[in-house]
Every structure is written in structure tokens, then in C-alpha cells.
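Visitor: Here is my input; please provide its structure:
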Amino acid sequence: MARGVISNETWNRVALVYRQDGSEAAEVTLKSLGYTRSRSAIQKAMERRNIKYEPTNPVTNSLGITRRCRNRDCIERFIPVNTQHWYHEPACAEASRKWRVEDILSEESGMLPESSHMELAKRFAGQKNQALRRNETLVAMREFMRVEMDDLIRQEPTVPFVEPLKPIPKRVKGKVSYVREPILVLSDFQLGKWVNGIGVNHAERVRIPRILDATHGWIDQLRDGGRIVNKVHVVYGGDMLEGCFIYKGQNVTGLDRTGNTHRITRQIAKVAEVEARIDQSIAASVPEVDHRSVPGNHGRPNGKNDFADPEDNFDTLASTWAEDKLFIQTNINFFHEEHWWHGFESLGRYIVVMHGDKWKGSTLAQFRPILSGWITGGLFGRKPDVIITCHRHEFGVAEVNGVLVIQNGTIDGGSPWYTQAYGKSSRPVQTLLIMSEGHGVEGIHPIYFPEQPSPAFETPLETG
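Guide: You can find the predicted model right below:
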């Protein structure tokens, strides 16, 4: 081995190894290049060049912090790889005794230097040195930002962009035969539309509170009967906003101009707000809420003549915005479906939800041959137990080859288009299903509303 003069280029190559792996690895690298130096000599050479040893080994991160497994009966610790990594192995997620997320994050904060919540938030925002902003640290930082944001909202209630954290109920244990999962089906709100004397104000003041009252009432009734309700699925079946380009002249007639909700930007913002408030109201009653949304035809950027990608849809945009508003409410899971149908399980039963504009016909009877073909062709991967469809503004229930089909209604009771096209005008209605492991759909509960107001009930105002 040579002990001659080492060029700057060689030292630079060694420095890269030293910074990440230390003097021992640097010594090996130097030997591979034909030179020999002691580790102490290498360290001195690095010090002269102001190169510091900063290990980034994934097994021992730069701050030496590992996370406690949420399973109280597990003694293992691990390095989290994403913001939702709370268990050292999947089996631990099934444990009955668990640490709270807040407990784990509090423990981690105490391991960090200058570990107050504000210091952690500053590091996350880039106001501290770069070494403390490595990915391993940011995993916990995102969770701490939730806590800091909640504190901010409580101190400054006027903060508009997120909702304050609601207390999360504890999960109840018991036999699975006592477990029930409500599925709240909401669709065709078409917020921004003015018809039959109903606009956005009436929907918010009367119709949406009625939906929440009925849902909370059924949850309470199930619990009073000894049933366990730990989870609710809130399914948004599309057409949550009216849109502006769905039919000719829509931008000048048929829209509610109260609060400028005839504008598509206001409609999207209003739908996001409404969905966030519905989700959070239910999340205050149960330990877990699944928010699920599918796109509707009124959410297309340009209606029937749309040349955008099929996945571009304002229903999906509003649903995603609702998630942003609720980012500190940790007991809500979000599923934004960009495809025209969405499948999920509830207590072992396979549920498929779609808006319904993809199949032609005005009645569920006309849906029978279409659905039979879809099932035979394996469109949904496997045979659904329940199919939820919307779009036609009329509540209905049918069974097709052993598949229960439920058609949701609308919040305003139809529209002149629906009456002219099909000669029907149904009552405004939304739907609540009750699922059980033993029976599948144990109950189908239409949520009806008070009589529709007269056209003079509220007058749409042009506000600029």
C-alpha cells in the first residue's frame, strides 16, 4: 500500500463514505484506492476539510430514535417508514390493548433535543438545521403538526381552513354478532341548484341537519338495543354539486345565486365544507369513519361535451378538499375513487357503489339485464352482495340474481328535467343501511324530509 500524497479528488471520494459510514468504512475505501492511513489520520483529514460523520443508516437513524409498537403487549421498537406506521408487524394491529398515538408521539418528542412542540413544528417547517429534517424525523413531525394545528384552532377559532379536533370515542369490544356498521348514502345534493323553492340555504339549514339527526338517532337506537357501532361508512355517490355546464343555458337559469353559489368555484368550496362537517359530526359519535366518494356526471368539467380525462371531476376535487379540512381528525379514513365505481367491504359483505349515469334506463327493472352482464363478465372482480346506485332522483330497492340493488334519491325531490324526461317526481330522500355479519343488509332506512317549501320560501339573491 502506498503512503504517498493523496490527491484532493481521492479525499473527496473518501469524504462521501466517511460522512455516511464513518472512519472504518473510509479506511476500507482508501485501501481499495491503493492508499493506507490510520483511522485517526482519516478523522483529522476530515476535520481539516470540515467534514462531519452524519450516519443515515435506516436501521439506526440520525437521531437514534425508534418508535414503540402501538400494541401494549409488544416490546419491539422500530423505525417508522411512513406517517401511518404504528406497528412493528401487521399482526400487532389486531391487538386489543393499544397505546394511544398521542402517547407514542409524546414519548418520541422527549427523545429529541429541544423537544417542545413549537421547536418540533419549527424543524418541520425548515426553520432549524437541515440535519433535523431527515425523513425519519418528519414521520413524527407531521403528527405533531396535527397537535399544533389543533392548539392553534382552539386559541384562534376564526382560523377558516380546517375544522377543530372532535374527541374520538373509544372502541367497544364484544361479540362480532353484536357489531353493526351503518352505511350512510348521500348523493345528488347538487348544491348550487335552485328548484322547487330550495337552494343551498335550505339544504344547509333543514335537509342536512335532518340527515345527521336521523343517522345519530339510529346509532343511539342500535346501542340502546345492545348492538356495537364502532364504524360508519359515509358514501358520497356523486353529483354533490350542481355544476355550471351540464345543459345548455344552465349558467343563466336554474342556479342558486344566493352567496354566489351559481359559480362553480363557490360550489366546490361549499361541497367540501358540507362533506367535512357531515364526516366530523359522525366521527364524534363513533371511533372510525370511512369517507368514500365516487364521481357524478354533474362534476364533469364540461358536461356532456367534456374532452378532459374521465378522472377529472369536481366531485373528487371537493372530496379531496374535505380531507384537507379534516386532516387533524385522525379517526376518519378517506377513499376518493376516480373510477366510475368503487368497491369496499362491510362486515364481510362486498359493496359496490356507483353514481349510476353509466347505465341507461329510467327504472331499476331496466338495470337487471345490464347488471347481470356486468356480474357475468366479472366487472367488479367478484360478485357484489350489494350495489348502490344514484343519479335518477328516485329511491328504490330491487334484487337481481341475488344482488341487492339500492337506488338513492336526491335532497331536493327531483328537478323539472327529471319530471319532463320520466314523468315522475319523487319525494326527497337519502338512505341509511345497517350492516351485520350474519344478515348482510339488516335494515334499509330512507331518510325523508319535511314538505318542500313554496317558491317564496327563500328567494335567491344576486350578490355580485
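Visitor: can we go C-alpha only for contacts and neighbour counts from here?
Guide: Noted.
Visitor: What residues of the helix or strand where Pro446 lies count as buried?
Guide: Per DSSP states H and E, Pro446 falls inside strand 440-448. Residues of strand 440-448 classed as buried by neighbour count (16 or more other C-alpha atoms under 10 Å): 440-441, 446-448.
Visitor: JSON lines for those, including pLDDT and distance to Arg227?
Guide: Formatted as JSON lines, the buried residues of strand 440-448 follow (pLDDT from 0 to 100; distance: C-alpha to C-alpha, whole Å):
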{"residue": "Gly440", "pLDDT": "93", "distance to Arg227": "15"}
{"residue": "Val441", "pLDDT": "95", "distance to Arg227": "15"}
{"residue": "Pro446", "pLDDT": "96", "distance to Arg227": "21"}
{"residue": "Ile447", "pLDDT": "95", "distance to Arg227": "21"}
{"residue": "Tyr448", "pLDDT": "92", "distance to Arg227": "24"}
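Visitor: what about Ile168, distance to Gly296?
Guide: Here the criterion is C-alpha to C-alpha, to the nearest Å. By it, Ile168 lies 31 Å from Gly296.
Visitor: So for the two, which sits in the more crowded spot?
Guide: Each of Ile168 and Gly296 had its neighbours counted (other C-alpha atoms under 10 Å), and the higher figure belongs to Gly296 (28 against 15).
Visitor: who touches the more buried one in this structure?
Guide: 237-240, 313, 315, 355, 357, 391 (C-alpha atoms under 8 Å, 6 or more residues apart in numbering).
Visitor: Got the confidence number for the closest residue to it other than its chain neighbours?
Guide: Closest residue to Gly296 apart from its sequence neighbours, by C-alpha to C-alpha, 6 or more residues apart in numbering: Gly238 at 4.0 Å. We have a pLDDT of 91 for Gly238.
Visitor: My read is that Gly238 contacts Asn313, right?
Guide: No - look at Gly238 against Asn313 with C-alpha atoms under 8 Å: they stay out of range, at 9.7 Å.
Visitor: Report the set of residues contacting both of those two.
Guide: 295-296, 299.
Visitor: ok, those vs Arg227, which is closest?
Guide: Nearest to Arg227 among the shared contacts of Gly238 and Asn313 is Pro295, at 33.2 Å by C-alpha to C-alpha.
Visitor: to the chain's geometric centre, what's the distance from stretch 34-48?
Guide: Mean-position distance between stretch 34-48 and its chain equals 53 Å (C-alpha atoms, centre = their mean, to the nearest Å).
Visitor: picking that back up, output the shared contacts of Gly238 and Asn313 as a markdown table; include the columns pLDDT, secondary structure and distance to Asp188.
Guide: Listed next are these as a markdown table, based on pLDDT from 0 to 100; DSSP: H, G, I helix; E, B strand; the rest coil; distance: C-alpha to C-alpha, whole Å:
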| residue | pLDDT | secondary structure | distance to Asp188 |
| --- | --- | --- | --- |
| Pro295 | 94 | coil | 11 |
| Gly296 | 92 | coil | 8 |
| Gly299 | 87 | helix | 11 |
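Visitor: Just give me the closest of the residues you listed to Ala398.
Guide: The closest of those to Ala398 turns out to be Gly296 (C-alpha to C-alpha; 21.8 Å).
Visitor: helix or strand for Asp315, which one?
Guide: helix 314-325.
Visitor: ignore the last one, Val353
Guide: Counting by DSSP H and E, Val353 is found in strand 349-354.
Visitor: Partner strands of that strand, with direction?
Guide: Counting by DSSP bridges, the strands paired with strand 349-354 are strand 341-346 (antiparallel), strand 386-389 (parallel).
Visitor: before we move on, the earlier item: pretty sure the residue nearest to Gly296 belongs to a strand, no?
Guide: No - per DSSP: H, G, I helix; E, B strand; the rest coil, Gly238 lies outside any strand segment and is coil.
Visitor: show me the contacts for it.
Guide: Contacts of Gly238 (C-alpha under 8 Å, 6+ apart): 187-188, 293-299, 315, 355, 390-391.
Visitor: Only alpha carbons, please: show the strand holding Pro446 as PDB.
Guide: Written as PDB, here are the backbone C-alpha positions of strand 440-448 (Å, rounded to 0.1, in the frame of the first residue of the first chain):
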ATOM      1  CA  GLY A 440     -75.700  -8.600   5.500                       C
ATOM      2  CA  VAL A 441     -78.100  -5.700   5.000                       C
ATOM      3  CA  GLU A 442     -80.200  -5.900   8.200                       C
ATOM      4  CA  GLY A 443     -82.100  -2.700   7.600                       C
ATOM      5  CA  ILE A 444     -82.800  -0.100   4.800                       C
ATOM      6  CA  HIS A 445     -83.900   3.200   6.200                       C
ATOM      7  CA  PRO A 446     -85.000   6.000   3.900                       C
ATOM      8  CA  ILE A 447     -84.400   9.400   5.400                       C
ATOM      9  CA  TYR A 448     -87.300  11.600   4.300                       C
END
